[in-house]
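Asker: Provided below are the primary sequence and the corresponding predicted coordinates.
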Amino acid sequence: MRRYSGISSHSPGDNIFKFPYLPPSMGPLERYRKRAEEDIARVLRSWGVEIDVCVEEARPGFGDLTFRCFPLARALRDRPDSIAYRLCEELRPEGFERVEAVGGYVNFHLNRRAFTADVLREALNETLFYFPPRGRRVVVEHTSANPTGPLHVGRGRNPILGDTIARMLRAVGYDVVTHYYVNDMGKQAAVLMWGVERYGVEASGKWDHVYVEAYQRAYEGYDEDEVAELLRKYEEGDEEVSRKVKTVLSRVLEGIGETLASINVRVDRYVWESDVVRSEYMRRAMEVLGKLAEVDNGALYVSLDKLGIRSEKDRIYITRSDGTTLYPARDVAYHLMKSDEGDVLIDVLGEDHKLHGAFIKAVVEGATDVIVEPVFYSFVRLPEGRMSTRRGAVVYLDDLIEEAVERAAEEVRKRRGDMDPDELMEIARKVGISAVRYNVLKVQNEKPMVFRWEEALNFEGDSAPYVQYTYARASSILRNYEGEISTEPPSEVHPSEWALVKAMASYRSVVEAAAEKRSPHLVARYARDMADAFNAFYRDCPVLQAGGPARAYRVAIVTAYRKTMERIFDIIGVEKTEKM
RNA sequence: GGGCCCAUGGCCUAGUCUGGAUAUGGCGACGGCCUCCUAAGCCGUAGGUCGGGGGUUCGAAUCCCCCUGGGCCCGCCA
């Protein structure tokens, strides 16, 4: 098992520190950690040392919790291993079997039977997963792709990351609402409209795929003036143009929405740029920006230097010479709108928006008391280079999803050929879309990714199906069991049982750390580690064949595992399946 | 040219924020395991100058500086 540093009860990032009015929410591991920390603090105080004691989860083979003595060496003028030894002499922490000094560490060993019973009980009654409401609202804006065609995997990380960040935050007690910002006033939208007018479209299937052809053709050569004219008319609210644009973009958006829904991505609200521009927020945005802006030939710009942003580019223009607003200004307005809905505004943005993100953050935080937090990801590239809708060098998300589900169906058929076809397809859908999500989530946001079919469709090893498979195994055991279950280990806890119990106990610290760091890959990694631990347990500890009271107890472990995995699946948007 | 991001075995990747006890897993390769709760699984073997060079430190994949390679940005586009 891996060790999770998590968040200690004393780290500055801790929500108890930030929101002191909330009741402390502690799982079993946090309770023991706190006891260990308090006991160490007690001893250190008696030695005249007053520090923030931070006990960590130990790595395997070194007990369960650990305290590093190295940082104390200077203050105590003693060697770390000697400090550890002296500490052990005086420590009397409650609930631990033993405490020992190894090297410069103090290692705490939990009472395994008692801890196991605690974890199982709290997993079964679900208090293990409960976080009290924080009274903080978060708006997560993600995807926000120009509605000119289908989503492609180049930006495919955006919806999956954004949706998972929203789910993580909900899981730890935030009120979360997700937004999709619809860029209807941009040039791209106008080019699409120009293409539609010029070439028309043939309705055949999903609208996003239908319209993208007109968009691509338009890009081969459009009339600059006519596009500008369209843009101007739309911005002025010309009735006929507005109606046409809204119809077309809504249809494309409908297609995009279907794609999102198919991979369990939920968008609570679509906010149209044109609505923002015509709202009170636009006026307020210009007021805010007016205080920062300078004039160049009639156009307004904000100098980045003034905002404390280091960049070669020295200014960001917010209006044209003719007075019409530019994207940065409109986005400030949109963020002012969001600031009414949330205390923290998270924007999931491609790496090309880094400067823009810094600009918005500086301006909006200067004008309101909300926190703006851009989360960046790097594009998924093709082996031959960047994806581009215009050039047609793309893999559409829809095609990836379809391929994944088809491949999953083949795999299920191989193993469960006798299964009812509807059930089989349902399992294939769950496996396929989960695989797509997982393969994106398992890699850190800012790592560059190259799209390769064989990796995107990976169904074994570090993959969703691997993790789902353990859930199916657990389900299979429970299907074949009838009777009582017991959370009390009847005898010594088996090492594989222990590893699994500890993995479950990490739920709180892992999920909380992932949420606070906006790092979905930590939860994907955790799902994998849980599955590893379950597979070891499955290998070493027969459940249904176990004799005596061990059976009811191991069934409790399996039940707790399933419940924990359901929570984890829910956070990363992976589907559970009882058979596969 | 400047700014930001990335660099870990053949390939992909964790750990980097918050420096410490044997650098995490997976894919691929090789060798094993289905009369036994689902083999999308399990066990074992081989494979590592943590991009390079300096520095800080008792201790560096982790912090600082320089360099190299790749990505992104540098528009009165969005």
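Answerer: Received it, and whenever you're ready, just let me know what you need.
Asker: and whichever residue of the stretch 401-550 of chain A sits closest to RNA strand B, how far from A:S475?
Answerer: Using C-beta to the nearest atom of the strand, the single residue of the stretch 401-550 of chain A nearest to RNA strand B is A:G461, 2.1 Å away. All C-beta spots, glycine's among them, are computed from the backbone N, C-alpha and C. To A:S475, A:G461 is 22 Å away according to C-beta to C-beta, to the nearest Å.
Asker: what do you get for A:N458?
Answerer: 23 Å.
Asker: A:Y334 looks like it's in a helix, true?
Answerer: Yes - under DSSP: H, G, I helix; E, B strand; the rest coil, A:Y334 falls within a helix.
Asker: which SSE is the nearest residue to A:M337 once chain neighbours are set aside in?
Answerer: Spatially, and ignoring its direct neighbours in sequence, A:M337 is nearest to A:Y281 (4.6 Å; C-beta to C-beta, 6 or more residues apart in numbering). Assessed by DSSP states H and E, A:Y281 sits inside helix A:280-290.
Asker: repeat that for A:E258.
Answerer: Using DSSP H and E, A:E258 maps to helix A:239-262.
Asker: show me what counts as buried in that helix.
Answerer: A:241-242, A:244-245, A:248-253, A:255-257, A:259-260, A:262 (16 or more other C-beta atoms under 10 Å).
Asker: so which elements touch it?
Answerer: When contacts are defined as 3 or more C-beta pairs under 8 Å, 6 or more residues apart in numbering; DSSP states H and E, helix A:239-262 packs onto helix A:187-199, helix A:207-219, helix A:224-236, helix A:397-415.
Asker: okay, those in a markdown table with mean neighbour count and distance to A:M504 next?
Answerer: Compiled in a markdown table, the helices and strands packed on helix A:239-262 are given as follows (neighbours: other C-beta atoms under 10 Å; distance: least, C-beta to C-beta, whole Å):
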| stretch | mean neighbour count | distance to A:M504 |
| --- | --- | --- |
| helix A:187-199 | 21 | 48 |
| helix A:207-219 | 21 | 41 |
| helix A:224-236 | 15 | 55 |
| helix A:397-415 | 18 | 28 |
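Asker: of the ones you listed, which shows the lowest average pLDDT?
Answerer: Among the helices and strands packed on helix A:239-262, helix A:224-236 carries the lowest mean pLDDT, at a mean of 89.
Asker: how about the contacts made by A:K313?
Answerer: The contact partners of A:K313, by C-beta atoms under 8 Å, 6 or more residues apart in numbering, come to A:L304, A:L355.
Asker: distance of it relative to A:D399?
Answerer: From A:K313 to A:D399 the distance is 36 Å (C-beta to C-beta).
Asker: walk me through the domains of chain A.
Answerer: Following automatic domain parsing, one gets these domains for chain A: A:15-110, A:433-572.
Asker: least confident of these, on average?
Answerer: domain A:15-110 (a mean of 84).
Asker: could you tell me how far that domain lies from the centre of the chain?
Answerer: 31 Å (C-alpha atoms, centre = their mean, to the nearest Å).
Asker: what does stretch A:408-422 give?
Answerer: Centre-to-centre, stretch A:408-422 and its host chain are 31 Å apart (C-alpha atoms, centre = their mean).
Asker: any residue of that stretch touching RNA strand B?
Answerer: Yes - contact of stretch A:408-422 with RNA strand B is found when judged by C-beta under 7 Å from any atom of the strand, involving A:A408, A:E411, A:V412, A:R415.
Asker: farthest pair in those residues?
Answerer: Based on C-beta to C-beta, the longest span within those runs between A:A408 and A:R415 and measures 11.2 Å.
Asker: can you pull out the strands in the stretch 51-200 of chain A?
Answerer: For the stretch 51-200 of chain A, the strands defined by DSSP state E, counting those that start in this stretch cover A:56-57, A:65-68, A:96-102, A:105-110, A:137-141, A:175-182.
Asker: using PDB, write down the CA coordinates of the fifth one.
Answerer: This points to strand A:137-141. Written as PDB, here are the backbone C-alpha positions of strand A:137-141 (Å, rounded to 0.1, in the frame of the first residue of the first chain):
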ATOM      1  CA  ARG A 137     -20.200  27.900  -2.600                       C
ATOM      2  CA  VAL A 138     -18.100  27.000  -5.600                       C
ATOM      3  CA  VAL A 139     -18.700  27.700  -9.200                       C
ATOM      4  CA  VAL A 140     -16.800  25.300 -11.500                       C
ATOM      5  CA  GLU A 141     -16.700  26.500 -15.100                       C
END
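Asker: list the strands paired with that strand, with their directions.
Answerer: With DSSP bridges as the test, strand A:137-141 is paired with strand A:175-182 (parallel), strand A:344-350 (parallel).
Asker: make JSON lines out of those and add mean pLDDT and mean neighbour count.
Answerer: JSON lines is the format used below for the strands paired with strand A:137-141 (pLDDT from 0 to 100; neighbours: other C-beta atoms under 10 Å):
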{"stretch": "strand A:175-182", "mean pLDDT": "98", "mean neighbour count": "21"}
{"stretch": "strand A:344-350", "mean pLDDT": "97", "mean neighbour count": "23"}
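Asker: now those in a markdown table, with distance to RNA strand B?
Answerer: Listed next are the strands paired with strand A:137-141 as a markdown table, based on distance: least, C-beta to the nearest atom of the strand, whole Å:
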| stretch | distance to RNA strand B |
| --- | --- |
| strand A:175-182 | 9 |
| strand A:344-350 | 7 |
